[in-house]
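Novice: My questions concern the predicted model and sequence given below.
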Amino acid sequence: VSQSRYLRGLLAGYGTVAANFLFTVISVPLALHHLPKEEFGLWALVLQIGGFLMLLDFGMSTSVSRFLADHKDSVGGGAYGNVLETGRRMFLVQSLALVTLATVAAWGLPRWLDLPTNLVAEFQKLVVLQGTILAMGLAVRGKIVPLWAHQRIDITQMASSTSLLISLAVLAAGFYIGWGLDALWISAGVGALWTNAWQWMACRHLRFYPPPGRRGSFQPGLFVQMLRFGRDVLLMQLGNLLCQGSQIVLVTKLLGLESAAVFSVATKTLTMGTQLISRILESAAPGLTELFVRGERERFAGRFYQIFTISLITATSLGVGLLLANRDFVSIWTRGSIGWTKSGDALLALILIMTIAVRSAQGVFGMTADFSRIKWLALSEGTLFITATLLAAPFVSLEGILALALAAQIFVSLLPSIFQTFKIFPNKSFWFSNALWIGAVMAAALLLDIFLADLCRKPFSRIGLAAFGSVLVALILVGGLKKQIKGLR
């Protein structure tokens, strides 16, 4: 594994997180200033619908990238070109299907969601335009998938970082000019165009495409193999969307667009924290996959132990920050227009830790190209969550939705995923020691939050305390789990 490539990819990933943080911190209060809360909630809803539309990818992006990794050392070989060409044609077909489905969804969903009549036409326009933007990105996906196989995640991250900054500039200009909701989809389209063009030019410059005459052809047998692998990825993506993407949809249907706006803003810190920590494993994934492909199983296990433990320590330290001060940050950030609760913060902190644990445990099955052990877990979790939420509809609240999501995540996805990893990594003490340390730290943080509720009332003081607590928790866990960090065998 190239350590320099991993570090370069990780740093570039954090650059993307920083750009996303800047985009979110500026764009949310900017949008709330220029748009009514209902229209802001409408855009949050459209973004989640876009996530469901991207299920038409059928997991082929992950599948093509993974199959390319097996042949990346022979770009001029026929196998590499066949994978690339087979994937390219499939992406084109999928992009056409995505536009069609977006059009159908735009006219079919307003009645089911009980949207206000005055926003139906705007909703339909936004869904079609968002679907078109996503379809354009999917159509050129075959031109940029080689970056993952060649461990050039840094290029993908830099493209994303710059596109976010460009989108922010276009968004601000659009609001200033008076475009209203149109500023949101226009800025998203400009950003998508930029990031795809950057990655395509990088692939050409680095010669990640086969030379003329060896660019391969569509192979039906290969397509079936990739589709089988992609099918398992699709099941997991669908499950993740049912768990996370459906939350805004359910809030809109059960509690209204204004509640959707509150939920969207209050959980932004959870989203940003998840993105920040996920970069650790995402940047390491290509190198870990290469170790597995080359049969270096002991090094593969050691590196995975390191990455998982570091991710979990980071999640716990940030979780403590969310627990102690997220509501204060949201209030200051939105100038009091969005209110949030202590119980909501506690749930967000636990969800952050559990999400990172699930992603890390399940990520190893993508590296080994075998999702068969866990492919139904996310879908089962999502189905249980939605069913429970709809059944509890008369009594549901924003915090209740989060609590149901957390319970489904722990019992349906986390515990079975860890059990399945025992068959790959037999060292069970690794999992138990992590759980013990993190459980103890979070219990102490919960007690501290209760104790300080009356002693520390000023928002800025609580934010400062949260920052100190996060650093302290990180130091405690690094000391307690130093054996895992060194790469437990």
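Specialist: Perfect, thanks for sending it. Keep in mind it's a predicted model, so treat the numbers as computed, not measured.

Novice: Can you name every helix or strand that the host helix or strand of residue 321 contacts?
Specialist: Assessed by DSSP states H and E, residue 321 sits inside helix 297-333. Secondary-structure packing of helix 297-333 (3 or more CB pairs under 8 Å, 6 or more residues apart in numbering; DSSP states H and E): helix 3-34, helix 257-266, helix 268-293, helix 342-367, helix 428-451, helix 459-480, helix 482-485. C-beta: built from backbone N, CA, C; applies to glycine.

Novice: And the third one, what's buried?
Specialist: By neighbour count on 16 or more other CB atoms under 10 Å, the buried set for helix 268-293 is 268-270, 272-293.

Novice: what angle separates the helix or strand where residue 135 lies from helix 257-266?
Specialist: Assigned by DSSP H and E, residue 135 belongs to helix 117-139. Computed by axes from the mean of the first three to the mean of the last three CA atoms, to 10 degrees, the angle separating helix 117-139 from helix 257-266 equals 40 degrees.

Novice: Would you pull up how far the helix or strand following helix 117-139 lies from the middle of the chain?
Specialist: Next helix or strand after helix 117-139 toward the C-terminus (DSSP H and E): helix 146-149. Distance, stretch centre to chain centre, for helix 146-149: 19 Å (CA atoms, centre = their mean, to the nearest Å).

Novice: just stretch 200-213 next, same as before
Specialist: Counting by CA atoms, centre = their mean, stretch 200-213 is centred 28 Å from the centre of its parent chain.

Novice: now swap in stretch 110-117 and tell me
Specialist: Relative to the centre of its chain, stretch 110-117 is centred 28 Å away, using CA atoms, centre = their mean.

Novice: cool, stretch 129-138 as well?
Specialist: Put simply, stretch 129-138 sits 18 Å off its chain's centre (CA atoms, centre = their mean).

Novice: before we move on, what about stretch 133-140?
Specialist: Here stretch 133-140 is found 19 Å from its chain centre; the criterion is CA atoms, centre = their mean.

Novice: Just the CA atoms of that stretch, as CSV, please.
Specialist: Extracted C-alpha coordinates of stretch 133-140, given in CSV (Å, rounded to 0.1, in the frame of the first residue of the first chain):
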residue,chain,number,x,y,z
ILE,A,133,-28.2,17.2,-13.1
LEU,A,134,-27.8,13.8,-11.5
ALA,A,135,-28.3,12.0,-14.9
MET,A,136,-25.6,14.1,-16.6
GLY,A,137,-23.2,13.1,-13.8
LEU,A,138,-24.2,9.4,-14.2
ALA,A,139,-23.7,9.6,-18.0
VAL,A,140,-20.1,10.5,-17.7
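
Novice: Run through who's touching that stretch.
Specialist: Residues outside stretch 133-140 that contact it (CB atoms under 8 Å, 6 or more residues apart in numbering): 50, 53-54, 56-57, 91-92, 94-96, 98-99, 102, 185, 188-189, 192-193, 196, 200.

Novice: mind running it again at 10 Å?
Specialist: Applying CB atoms under 10 Å, 6 or more residues apart in numbering, the contact partners of stretch 133-140 are 50-51, 53-54, 56-57, 60-61, 88, 90-102, 144, 185-186, 188-193, 195-197, 199-200.

Novice: show me where the stretch 51-200 of the chain has helices.
Specialist: Counting by DSSP state H, counting those that start in this stretch, the stretch 51-200 of the chain has helices at residues 60-69, 78-113, 117-139, 146-149, 153-177, 182-205.

Novice: tilt between the third one and helix 78-113?
Specialist: So that's helix 117-139. When the same axes, to 10 degrees is applied, the directions of helix 117-139 and helix 78-113 differ by 180 degrees.

Novice: now the fifth one
Specialist: For helix 153-177 against helix 78-113, the angle between stretch directions is 30 degrees (the same axes, to 10 degrees).

Novice: buried set for helix 153-177?
Specialist: Judged by neighbour count using 16+ other CB under 10 Å, the buried positions of helix 153-177 are 153-164, 166-168, 170-172, 174-175.

Novice: relative orientation of that helix and helix 3-34 in degrees?
Specialist: Angle, helix 153-177 to helix 3-34, by the same axes, to 10 degrees: 10 degrees.

Novice: Name the SS class of residue 369, please.
Specialist: Here residue 369 is coil, with the state taken from DSSP: H, G, I helix; E, B strand; the rest coil.

Novice: That one and residue 225, how far apart?
Specialist: Distance from residue 369 to residue 225, counting by CB to CB, to the nearest Å: 11 Å.

Novice: Please identify every residue contacting each of these two.
Specialist: Between them, residue 369 and residue 225 share these contacting residues under CB under 10 Å, 6+ apart: 63, 67.

Novice: residue ranges with poor pLDDT in the stretch 351-489 of the chain?
Specialist: The model of the stretch 351-489 of the chain has pLDDT under 70 over residues 426-428, 430-431, 450-457, 483-489.

Novice: follow-up on the earlier one: mind giving me JSON lines with the helices of the stretch 51-200 of the chain and columns for mean pLDDT and distance to residue 413?
Specialist: Putting the helices of the stretch 51-200 of the chain into JSON lines (pLDDT from 0 to 100; distance: least, CB to CB, whole Å) gives the following:
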{"stretch": "helix 60-69", "mean pLDDT": "82", "distance to residue 413": "18"}
{"stretch": "helix 78-113", "mean pLDDT": "90", "distance to residue 413": "27"}
{"stretch": "helix 117-139", "mean pLDDT": "93", "distance to residue 413": "26"}
{"stretch": "helix 146-149", "mean pLDDT": "83", "distance to residue 413": "24"}
{"stretch": "helix 153-177", "mean pLDDT": "92", "distance to residue 413": "25"}
{"stretch": "helix 182-205", "mean pLDDT": "93", "distance to residue 413": "30"}
